[in-house]
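Asks: this one's sequence-less:
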């Protein structure tokens, strides 16, 4: 539990509040970084990130931050299998916080059988047992998997940056920035609690582009899991070519569009998002704009995830829901464990 | 307009009914297939499919059908830019039915500047004008872009199969099968009209895995565009790890989960989908199961898309909505065209 000091593991609010602390609690040790660095120097043809849920989202955010620079393709898989193209000259990062996600373990076996360079991130479980010595980044256990995103992301993104040979993110600096930003929430702009109160019982629709598309998806999942409420997400500009037509009935269904805006948008993307937001307003709903202070895309993605994670626990409180319990996921696991 | 004989281009119902006919109207001519075949023999490191909306979905379906066999990675981009990894030893298929989609044209320029092997699919417009001689598969114009999916898919998938060196799909045979299947809708299982009546004013949530995840996304977009109504989609098994928690409020929001089931599901995937469906039932909503007769994954994806496209026009009729008009997309284009 080293690195998790002071976090109440029985409180989702406490785990979410610890986001900045978790960003550095998962720092990569030297051995794994050296292995990744050696694989990179030998030359790899591609990188595949395997995970489900929060682990996959960590991969999505990481991929979105490097694809404009990475000389090799970066794929994400959220399934039992990996693409046929992933072979011995590929690197695969397998991520499962519990270490027992059945789809991810299945992907791990396929990657190992294909003799890819396999690196793993987990807090233990079956994945830690099956992995070859020296290939696993072991992170502190005890968190709810969805609260482990920053813990997973720190090591994962450092591995990705090493494998695709890009400059390393300074997570210490971002962690300090995120702590300070959280203190000023509500002083300029709306606080997570303000946004949660505004949402009430409506359905949030998070929309973002590039790295903020992954953040939008994360926010959707957090609302689902922490509040047991319906939530939607879209990727821009794609949604402006089809989903936009449904805005005619957003008011009827209490859907509140939330645009995750970036300091790094191109002008034509910014114009498009502004225009879609205007059209949604004309349809009678009240779109919300979320933007955070940040000095880099990676800081922006993490700061906005921290902010929206907090919105989800505030919203659970407002709705009188226990954000910690995930009864249907537990029910599903129990059903799948029954003999058949 | 060769290939579009007998289709009423002023009727979405007529265009959707012509799905089987459109599957062969877009057959690839020999020149482009030879170019693709030459590129494949020279060796390409990856394939990138660029498009937005229906064109991107054609790519999603195609990718999902080949990734378990393709020796090279297949990426999809729905944005202004393409990943840095896409370079001169890559093939890029740029698809825009109108030929004027600004994001796709921007991707085209990037791919050309990187000296990739660029092949284009379009009915004309700026893309046809800018493309090098002999690199464009010109398809008949006049359809609504979303109705052009089968027309685009036929040539696109043949190009993908050629580039990644897989056996070619017989679209003539599938076209005949789809025509016969459509005649028997409602004789066994529910007809598209039955499903549309059952949906009424509720919000459909389409869920599928592998090639049917792309079909689920397509169905969501078709409901949005053709009925101007809210619609949702999810990819399985991912959604069974997070979104499942929101099912506690599906009944309150009139959300109807629609499971797109495949004849090609692995046993553990089938068990998972069955269990999620049972949990949704326990939450009080009435999940629907959609399955079609098919002799291959590609036929299954196309037959189900044809079925669900038809559901969307039936639902538009029930809701008294003109499925042809897309006022908000037109509004957005007008706003973006204004001088700034």
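Replies: Okay, I see it. All figures in this text were calculated on a predicted structure; none of them were measured in a lab.
Asks: what pLDDT does residue A:189 get?
Replies: pLDDT for residue A:189: 84.
Asks: got the phi/psi numbers for it?
Replies: phi 80, psi 180 (degrees, to the nearest 10).
Asks: Could you count how many residues lie near it?
Replies: 15 (other CB atoms under 10 Å in any protein chain shown). From N, CA and C alone the C-beta is placed, and that goes for glycine too.
Asks: Disregarding residues adjacent in the polypeptide, which is nearest to it?
Replies: residue A:291 (7.6 Å; CB to CB, 6 or more residues apart in numbering or on different chains).
Asks: centroid residue for chain A?
Replies: residue A:57 (3.4 Å; CA atoms, centre = their mean).
Asks: In terms of helices and strands, where is that one?
Replies: helix A:54-66 (DSSP states H and E).
Asks: Output the contacting helices and strands for that helix.
Replies: strand A:46-50, strand A:74-77, strand A:90-96, helix A:149-163, helix A:211-227, helix A:297-318 (3 or more CB pairs under 8 Å, 6 or more residues apart in numbering or on different chains; DSSP states H and E).
Asks: run the last query once more with 6 Å
Replies: strand A:74-77, helix A:149-163, helix A:211-227, helix A:297-318 (3 or more CB pairs under 6 Å, 6 or more residues apart in numbering or on different chains; DSSP states H and E).
Asks: So what touches the helix or strand just after the second one?
Replies: Same thing as helix A:149-163. Using DSSP H and E, the helix or strand that follows helix A:149-163 in sequence is helix A:171-184. With contact meaning CB atoms under 6 Å, 6 or more residues apart in numbering or on different chains, helix A:171-184 is reached by A:20, A:23, A:24, A:154, A:299, A:303, A:306.
Asks: Hey, what's the angle from the one helix or strand in chain A whose mean pLDDT sits lowest to strand A:90-96? Just curious.
Replies: In chain A, the helix or strand scored least confidently by mean pLDDT, DSSP states H and E is helix A:30-42, which has a mean of 94. Using axes from the mean of the first three to the mean of the last three CA atoms, to 10 degrees, the inter-axis angle of helix A:30-42 relative to strand A:90-96 is 150 degrees.
Asks: which one among the contacts of helix A:171-184 gets closest to chain B?
Replies: Chain B has its nearest neighbour among those in residue A:306, at 18.3 Å by CB to the nearest CB.
Asks: Who are the contact partners of the closest one?
Replies: A:19, A:178.
Asks: try 8 Å this time
Replies: Counting by CB atoms under 8 Å, 6 or more residues apart in numbering or on different chains, residue A:306 makes contact with A:16, A:19, A:20, A:150, A:178, A:181, A:182.
Asks: For those, which entry has the maximal number of neighbours?
Replies: residue A:150 (29 neighbours).
Asks: so what's it closest to, chain neighbours aside?
Replies: residue A:22 (4.0 Å).
Asks: host element of the one you found?
Replies: Going by DSSP H and E, residue A:22 is in helix A:19-25.
Asks: What count of nearby residues applies to residue A:280?
Replies: 23.
Asks: how much space between it and residue A:286?
Replies: 8 Å (CB to CB, to the nearest Å).
Asks: ditto for residue A:275
Replies: Residue A:275 is 17 Å from residue A:286, by CB to CB.
Asks: just residue A:184 next, same as before
Replies: 25 Å.
Asks: do residue A:112 as well
Replies: 51 Å.
Asks: quick one: which of those two has more around it?
Replies: residue A:112 (16 against 12).
Asks: Please look at that one and residue A:118 and confirm they touch.
Replies: Yes - if you go by CB atoms under 8 Å, residue A:112 and residue A:118 touch, sitting 5.6 Å apart.
Asks: coming back round to it: how about the contacts of helix A:171-184 in a markdown table, adding pLDDT?
Replies: Listed next are these as a markdown table, based on pLDDT from 0 to 100:
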| residue | pLDDT |
| --- | --- |
| A:20 | 98 |
| A:23 | 97 |
| A:24 | 96 |
| A:154 | 97 |
| A:299 | 98 |
| A:303 | 98 |
| A:306 | 98 |
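Asks: Return the members of these classed as buried.
Replies: The neighbour count (16 or more other CB atoms under 10 Å in any protein chain shown) marks A:20, A:23, A:24, A:154, A:299, A:303, A:306 as buried among the contacts of helix A:171-184.
Asks: mean confidence score for the helix holding residue A:57?
Replies: 97.
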